[in-house]
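*Asks:* my questions are about this predicted structure, shown below with the sequence.
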Amino acid sequence: MVFSKLYEGLIYLFRSFDNTKEGASARKLSAFSGLVMALYLSIKHTTSQNIEAILITWLSFSALCLGIITVEQIIKFKQGNV
């Protein structure tokens, strides 16, 4: 049961690279790639000094791609005007 759901999810993901209307949108694929990159970088290339910067960067990219946050909100957060 679990493997069939996983298989269906992978098929859905790979349909996104066709020119058909099936599959995920470019925003979802960009967010997915941002999360995969955050996972990879946090496992392979982080130290205790740079882990926050790496994770905030890639997770913000993913949230931006999904429309959860906007560029204006990121700028306000960076300036401390939250």
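*Replies:* Sure, I can see it.

*Asks:* from the contact counts, what lies against the helix or strand where Trp58 lies?
*Replies:* Assessed by DSSP states H and E, Trp58 sits inside helix 51-66. Applying 3 or more Cβ pairs under 8 Å, 6 or more residues apart in numbering; DSSP states H and E, one finds that helix 51-66 contacts helix 26-44, helix 71-79. The way it works is simple: take the backbone N, C-alpha and C, and place the C-beta from them, glycine included.

*Asks:* including mean pLDDT, distance to Leu59 and mean neighbour count, could the ones you listed go into CSV?
*Replies:* Putting those into CSV (pLDDT from 0 to 100; distance: least, Cβ to Cβ, whole Å; neighbours: other Cβ atoms under 10 Å) gives the following:
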stretch, mean pLDDT, distance to Leu59, mean neighbour count
helix 26-44, 78, 6, 14
helix 71-79, 81, 11, 11
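
*Asks:* show me the one of those that comes nearest Trp58.
*Replies:* Nearest to Trp58, of all these, is helix 26-44, at 3.5 Å by Cβ to Cβ.

*Asks:* quick revisit: and the helices and strands packed on helix 51-66 as JSON lines, adding distance to Phe14?
*Replies:* Converted to JSON lines, the helices and strands packed on helix 51-66 look like this (distance: least, Cβ to Cβ, whole Å):
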{"stretch": "helix 26-44", "distance to Phe14": "11"}
{"stretch": "helix 71-79", "distance to Phe14": "31"}
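
*Asks:* for Glu52, which of the ones you listed is the nearest?
*Replies:* helix 26-44 (10.4 Å).

*Asks:* neighbouring contacts of the closest one?
*Replies:* Helix 26-44 is contacted by residues 13, 16, 24, 51, 54-55, 58-59, 61-63, 65-67 when judged by Cβ atoms under 8 Å, 6 or more residues apart in numbering.
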